[in-house]
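Q: only geometry, no sequence info:
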């Protein structure tokens, strides 16, 4: 079964070009092309329309990427979202990641990088480039209002696996617990580190040395 993707972008020519490229991949199919967040939530409200991955433009009329991402986190927290932008605006990238995006790609992305990004998000739940990792790491340094973070042993163990190729289910097997328990640890880490996606946890884990080979 192919991984279902919805593209939300008011630039129809760009969206169609990306859709055609995705449809040429064996494992993916674009089910809908929409112009803004309002159209997206109208589509998601219909049974059977929830995709596996959303490609979400940042700058859109009516309901932009930020508003859409925030509402997706509240109503569909398990949906995987790749932020889309025409330029590499650092503030926009950081804001989308903070709101819970699983990664970021440029609209002028090459075919090889697009399939890499989709494969990474579909399997691991996140995708980040060196540029995004650097931006998020710098952002962690700038946070002055976060007190010293204290982790439990299990949270530290999860952090050690978070930057590996393992899925959450596979991490649960490594830690001899249920996926639901892992979800609980993950949510606690989100709160402590003030992030909303695995990308944020990955960057924190790498930056602070919480990493081991699987």
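A: Received it, and whenever you're ready, just let me know what you need. Not measured: the values here are computed from a predicted model. Numbering: from 1, shown residues only.

Q: Run through the strands of the chain in chain order.
A: With strands called from DSSP state E, the chain shows them at 3-8, 28-34, 53-57, 80-85, 103-106.

Q: packing partners for the shortest one?
A: This points to strand 103-106. The contact analysis (3 or more C-beta pairs under 8 Å, 6 or more residues apart in numbering; DSSP states H and E) places strand 103-106 against strand 80-85, helix 90-98, helix 111-124. Bear in mind the C-beta positions are built from the backbone N, C-alpha and C, glycine included.

Q: With respect to burial, which of these scores highest?
A: Highest mean neighbour count of the helices and strands packed on strand 103-106: strand 80-85, a mean of 24 (counted as mean count of other C-beta atoms under 10 Å).

Q: Which strands or helices does that strand pack on?
A: Right, strand 80-85 is packed against strand 53-57, helix 65-75, helix 90-98, strand 103-106, helix 111-124 by 3+ C-beta pairs under 8 Å, 6+ apart.

Q: run the last query once more with 7 Å
A: Judged by 3 or more C-beta pairs under 7 Å, 6 or more residues apart in numbering; DSSP states H and E, strand 80-85 is in contact with strand 53-57, helix 65-75, strand 103-106, helix 111-124.

Q: related to what we said a few turns ago, highest average neighbour count across the strands of the chain?
A: strand 53-57 (a mean of 26).

Q: ok so, going back, by mean pLDDT, show me the worst of the helices and strands packed on strand 80-85.
A: Among the helices and strands packed on strand 80-85, strand 103-106 has the lowest mean pLDDT, at a mean of 87.

Q: Just tell me which of the helices and strands packed on strand 103-106 ends up closest to residue 171.
A: The closest of the helices and strands packed on strand 103-106 to residue 171 is helix 111-124. By C-beta to C-beta, the value is 10.3 Å.
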